[in-house]
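Just a sequence and a predicted model for now, questions to come.
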Amino acid sequence: MKKLICIVTFTLLHLLGAAQGVFESDVPIGREGDPSAEKQDSTQESNVPHFHYTWRWEREGVYRNEIALDTLIDGIQNYNYIFKKNIANTYLANFPSPYLSDIFMNREITEDFYQQTLIRAFLFKPEDALHFNTTTPFTQLKYFTGGGKGKAENLLDVWHVQNIRPWWSAGIRYNLISSDGRYMNQASKAYNFSLFSSYEKERVILSLFLNQNNGHFTENGGIKDLSFIIDSTDQKAENIPVNLSSEGISNNYRNMNLQLQGQYNIGKPKEITTETDTFNTYPFKAILNLRVEDNEHKYKEETVPLDFYPNTFIDSTATVDLTQNRTYDLSAKLVMNEHPKYKYLPGIYAGLNFKHEKYEQRTAFDTISHIQTFGENRYSGTYIVAGLFNVDTNATFTYDIAGKLCVLGHYAGNFKLDGYMQQALRKDKNAYIRANATIELKSVNPFLDHYVGNHNMWDNDFKAIKTIKADGRYVNTRLRTDLGIGINNIFSYAYFDTTATPQQTSKALMVLTAWAKQNFRLGSFYFDQQVYFQKSTQEDILSLPAISVYSHNYFQHALFKNALFLQTGIDLFYNTEFYADNYMPSIMQFYNQRERKTGNYPKIDVFLNVRIKRADIFVKYEHINYLLRDHGQFFSAADYPINPGMLKFGVKWNFFD
């Protein structure tokens, strides 16, 4: 019955379409076509100039934030999602694979379903989606590939969006990443299929998001003998022995999302015109948001590797560790919008949020009788939410401050206060200073408190984690400068120790981060530099590279009367030595190790990017310095070497009709 409902739902929803979203969203605003074109019904005339306006609803519908699609050719060669997010990562070298940002302030926010945290870049969820208003049907195709038979790496990203009516957009997206892996038993796959719909007419705003994420990671446990890498032997990567040589050992996940949001505007409307759109604003609005999320994580062993894991508790022949979760999240808010005439008069909102989580998993195992117990655990909380905001694009001083307090349920006493303030230093807003801050008290994730698996077991009663973090930055878009400093102060920090068991420190953990980003230009030559400095006060439980660098250097020029745009250059990734985490396949988590350091090794890519009309094409040789055979500390995690050099190419093509 469940499968039948899903089939019928997917069949009907293609008629509704989607508000489209993409990963490459945080980029400077830019538009294809004529920005002054009047929005029209894309089904009426085939010669309508193409123009699209894209935005995201912040704070679950409180206000819209205009976010442009990435239409730049620059950076197309750097398509690995984790390196689009962070310049330094601990990961398993393969794409896709679990990862952890080595820039601590940029680490992913812990997901409610904990196992998703280390694969977040490969998931597409409601908060990632954008909403569209487009004058003509808009399709984007991306296909990136590399490697030959037995070591291929592929990315396919296809999506389409259009306005069925001027007030109703519709679309669909399919994203697939797959890799054979350069080393033995490393094949992986991550894919998602998404449907969206967005409706906005008069006082009513409705949106729908429905999708499913799936993934499969074959586990090899890392390189068995590191001398094959460190001593620069000529052994081919696919022939180097690994710790898990048996096939059929894998981590698998499934994530399904359904979000419905409705807004109803109250009061007398007033028309607002911006550089890219015209819409009505109202004094008040009511928002109702429903989200249902269904998750599953499965660690599967067709043959149990008794020589790799220190402990095997449940079965020494074959086993499956399965955790399932379902989350219901319902919120209602009343918003007083910003006044269109008085640009410094803030908007205010308040409401309630109810959240319920259910976990189904193995809850106990008796080591004497060998009896397994399976059961359910339920957690819920009722929150008061409120906020104050002024995001008027005409104001030189903007801010967004929000608070959340749990008053009932398992999470009672948890709270979060976060926001930002930004002051423009020039009337054209090309220069500004910005401060971000968060104070949060949050119960430890259920996964860290209790888990029973074939190779890992723990039963903890951890304290709630308190986090205080703040950062400030100076940005000058005209000079292409970004300078900043930030601090994270965490009390009762939870981590995985050297046995891959969760622990909690009683000492405060503080991490200081400073960064500088600067783009230099000399004629047609560009030198984009990013440098991060970090310092942890407890390096015994949190080791970080002191310095991380991304150097993006290229020459670009238009040829043949601007019919062809060419860009060619060198990318360099580097970080200083540190104790990079190791990886435990049975729980799909990184954990502390203090046996060997990684880093102090540059990874260098050379690339050529070409734009011909609407098609962007790239060719690159990734990790070209691998050919020098001076491998040194050439590891992305403690037992996982960076992939050998590989030739890659791809195309991104936009269609506007």
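Thanks, I have the structure now.

Helices of the stretch 151-300 of the chain, residue ranges please.
With helices called from DSSP state H, counting those that start in this stretch, the stretch 151-300 of the chain shows them at 227-230.

what about it, any weak spots by pLDDT?
232-233, 274-277 (pLDDT under 70).

in it, which spans are strands?
Taking DSSP state E, counting those that start in this stretch as the test, the strands found in the stretch 151-300 of the chain are 153-165, 168-179, 188-201, 204-218, 249-266, 270-273, 278-281, 284-301.

Packing partners of the fifth one?
Packed against strand 249-266 by the contact rule (3 or more C-beta pairs under 8 Å, 6 or more residues apart in numbering; DSSP states H and E) you find strand 204-218, strand 284-301. Every C-beta, even on glycine, is put in place using the N, C-alpha and C of the backbone.

Report the backbone C-alpha coordinates of it in CSV.
Only the C-alpha atoms of strand 249-266 are listed here, as CSV (Å, rounded to 0.1, in the frame of the first residue of the first chain):
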residue,chain,number,x,y,z
ILE,A,249,30.6,-4.7,3.5
SER,A,250,28.7,-1.4,3.1
ASN,A,251,26.9,1.6,4.6
ASN,A,252,23.6,2.5,3.1
TYR,A,253,21.2,5.3,3.8
ARG,A,254,17.8,6.6,2.8
ASN,A,255,16.3,10.0,3.5
MET,A,256,12.8,11.1,2.5
ASN,A,257,11.4,14.6,2.9
LEU,A,258,7.9,16.1,2.6
GLN,A,259,7.4,19.8,3.4
LEU,A,260,4.2,21.8,3.0
GLN,A,261,4.1,25.5,3.8
GLY,A,262,1.3,27.9,3.7
GLN,A,263,1.3,31.7,4.2
TYR,A,264,-1.7,34.0,4.3
ASN,A,265,-1.2,37.8,4.1
ILE,A,266,-3.3,40.1,6.2
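
quick one: strands adjacent to that strand?
strand 204-218 (antiparallel), strand 284-301 (antiparallel) (DSSP bridges).

ok, now the third one?
Paired with strand 188-201 in the same sheet, following DSSP bridges, are strand 168-179 (antiparallel), strand 204-218 (antiparallel).

ok, now the first one?
Listed by DSSP bridges, the sheet partners of strand 153-165 and their directions read strand 138-146 (antiparallel), strand 168-179 (antiparallel).

give me the beta-bridge partners of the closest residue in space to residue 415 that isn't next to it in sequence?
Spatial nearest neighbour of residue 415, chain neighbours left out: residue 405 (4.6 Å); criterion: C-beta to C-beta, 6 or more residues apart in numbering. Under DSSP bridges, the beta-bridge partners of residue 405 are residue 384, residue 415.

roughly how far apart are residue 405 and residue 381?
Distance of residue 405 to residue 381, given as C-beta to C-beta, to the nearest Å: 10 Å.

Residue 265 too?
30 Å.

Check which residues of stretch 504-512 are buried.
Using 16 or more other C-beta atoms under 10 Å as the test for burial, stretch 504-512 gives 504, 505, 509, 510, 511, 512.

out of the residues you listed, who's nearest residue 180?
residue 511 (36.9 Å; C-beta to C-beta).

What about residue 291, how many residues nearby?
Residue 291 has 20 neighbours, counted by other C-beta atoms under 10 Å.

Kindly report the same for residue 561.
Counted by other C-beta under 10 Å, the residues lying close to residue 561 total 6.

ranking the strands paired with strand 153-165 by burial, who's on top?
Comparing those by mean neighbour count (mean count of other C-beta atoms under 10 Å), strand 168-179 ranks first with a mean of 22.

For residue 155, which residues are in contact?
Contacts for residue 155 (C-beta atoms under 8 Å, 6 or more residues apart in numbering) come out as 79, 95, 142, 143, 144, 145, 176, 177, 650.

Look at the second one and tell me its secondary structure.
Residue 95 falls in the coil class when you classify it by DSSP: H, G, I helix; E, B strand; the rest coil.

Check what pLDDT it gets.
Looking at residue 95, its pLDDT reads 95.

can you give me phi and psi for it?
phi -130, psi 110 (degrees, to the nearest 10).

need the contact list for it.
Per C-beta under 8 Å, 6+ apart, neighbours of residue 95: 80, 153, 155, 177, 179, 188.

Kindly report the same for residue 581.
Counting by C-beta under 8 Å, 6+ apart, residue 581 touches 90, 100, 590, 591, 592, 593, 637, 638.
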